[in-house]
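Engineer: Fold the following for me, if possible:
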Amino acid sequence: MKGTRAVSALRWIGVVAVFAVAGTASAYGVTRLDREDVPGLAAATEGVWEYPRLSSPPLPSDSPAPFADEDEPGVHHADLRALVLPAPKGAEEDRALRGSDGWLSTDAFLSAYAESDRAALGQLLVDTGLRHIAARGWTTEDGTHARVYLLHFGTAAVVDDLFHQHLAPRDAPGHRVRGAERSVQDADLPDASGSAEIRRAAYDERRPYGAEHVRQAYLSAGDVLAVVLQSREGSVETVPFAQTLALQTQLLS
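Structural biologist: Got it, this is the predicted structure:
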């Protein structure tokens, strides 16, 4: 995609994360690279998932990058299905999340939430004019089940309202994810995205966990709302969760 405006407007990051084992101290290092084709992450770094080579999806002719358009800021002109983070190497993909022709049904998305919350959330999506859902999911060798959903709406203003008023309040998520009845804001999660335009809210399940530990996050990215879920028996590791959020953020930047 050399020569396209998308390449010059967007950037990739590579994340190298090392968390200290002593006490509560942690370190989080970020290497930012100019975007064209950049390897996902260094496989040698403990806990980091190795992604296939990532590249920016093509934009329609004369279409600006989402945050480079002064008239319509936050509009994603690229195919939403090409903006979903791919599964890392060695992971088993959940092909059901591909949906029909790459589009996931609203009911399939709602199944990720507690049954008692689905009707209200579903009506909210109808009322706010949900257009499409693109998704991908996978399970890694250590048993971590990851799911990424991109919900496309008519305007960035709609997504901003959904994010702040309904789905991602400050203290706890607005709707309960299935298997995580009690979640709170994860203020300590490192943010390696480097994006000033995209808002992030991350939540962690309170102990005692249920059958699995669940982490969740929401990204307000112009006219796209991203939902990232990871669950695992025992506990979800911090490094791959932060890494997934950072790379998905850059895909939408």
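
Engineer: show me the residues around residue 136 that make contact.
Structural biologist: Contact partners of residue 136, counting by CB atoms under 8 Å, 6 or more residues apart in numbering, are 84-87, 93-94, 97-98, 147-148. Where C-beta positions appear, they are placed from N, C-alpha and C, glycine not excepted.

Engineer: Any buried residues in stretch 48-57, and which?
Structural biologist: Residues of stretch 48-57 classed as buried by neighbour count (16 or more other CB atoms under 10 Å): 48-49, 51, 54, 56-57.

Engineer: the strands in the stretch 151-253 of the chain, which residues?
Structural biologist: Secondary structure of the stretch 151-253 of the chain by DSSP state E, counting those that start in this stretch: the strands cover 183-185, 199-205, 213-221, 224-232.

Engineer: Of all those, which one is nearest residue 75?
Structural biologist: strand 224-232 (9.4 Å; CB to CB).

Engineer: still on that earlier bit, secondary structure, neighbour count and distance to residue 196 added to the contacts of residue 136, as CSV?
Structural biologist: Written out in CSV, the entries for the contacts of residue 136 read as follows (DSSP: H, G, I helix; E, B strand; the rest coil; neighbours: other CB atoms under 10 Å; distance: CB to CB, whole Å):
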residue, secondary structure, neighbour count, distance to residue 196
84, coil, 22, 22
85, coil, 25, 20
86, coil, 18, 25
87, coil, 20, 28
93, strand, 13, 32
94, coil, 16, 32
97, helix, 20, 30
98, helix, 17, 32
147, strand, 20, 26
148, strand, 27, 22
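
Engineer: right, and residue 190 touches residue 242 too?
Structural biologist: Yes - between residue 190 and residue 242 there is a contact at 5.1 Å, judged by CB atoms under 8 Å.

Engineer: Compare those two and say which one has the larger neighbour count.
Structural biologist: residue 242 (25 against 21; other CB atoms under 10 Å).

Engineer: I'd like the distance between the more buried one and residue 191.
Structural biologist: With the distance defined as CB to CB, to the nearest Å, residue 242 ends up 8 Å from residue 191.

Engineer: go on, residue 220?
Structural biologist: 14 Å.

Engineer: what about these two, which has more around it?
Structural biologist: residue 220 (24 against 15).

Engineer: Which per-residue confidence value corresponds to residue 17?
Structural biologist: According to the per-residue confidence, residue 17 scores 35 in pLDDT.

Engineer: quick check, residue 150 in a helix?
Structural biologist: No - applying DSSP: H, G, I helix; E, B strand; the rest coil, one finds residue 150 to be strand, outside a helix.

Engineer: so what's it closest to, chain neighbours aside?
Structural biologist: residue 134 (4.7 Å; CB to CB, 6 or more residues apart in numbering).

Engineer: So for the one you found, what's the pLDDT?
Structural biologist: Each residue has a pLDDT score; the one for residue 134 is 98.

Engineer: ranges for the helices of the stretch 51-200 of the chain?
Structural biologist: For the stretch 51-200 of the chain, helices defined by DSSP state H, counting those that start in this stretch occupy the ranges 106-110, 115-127, 156-161.

Engineer: Residue 93 pairs with what?
Structural biologist: Per DSSP bridges, the residues bridged to residue 93 are residue 138.
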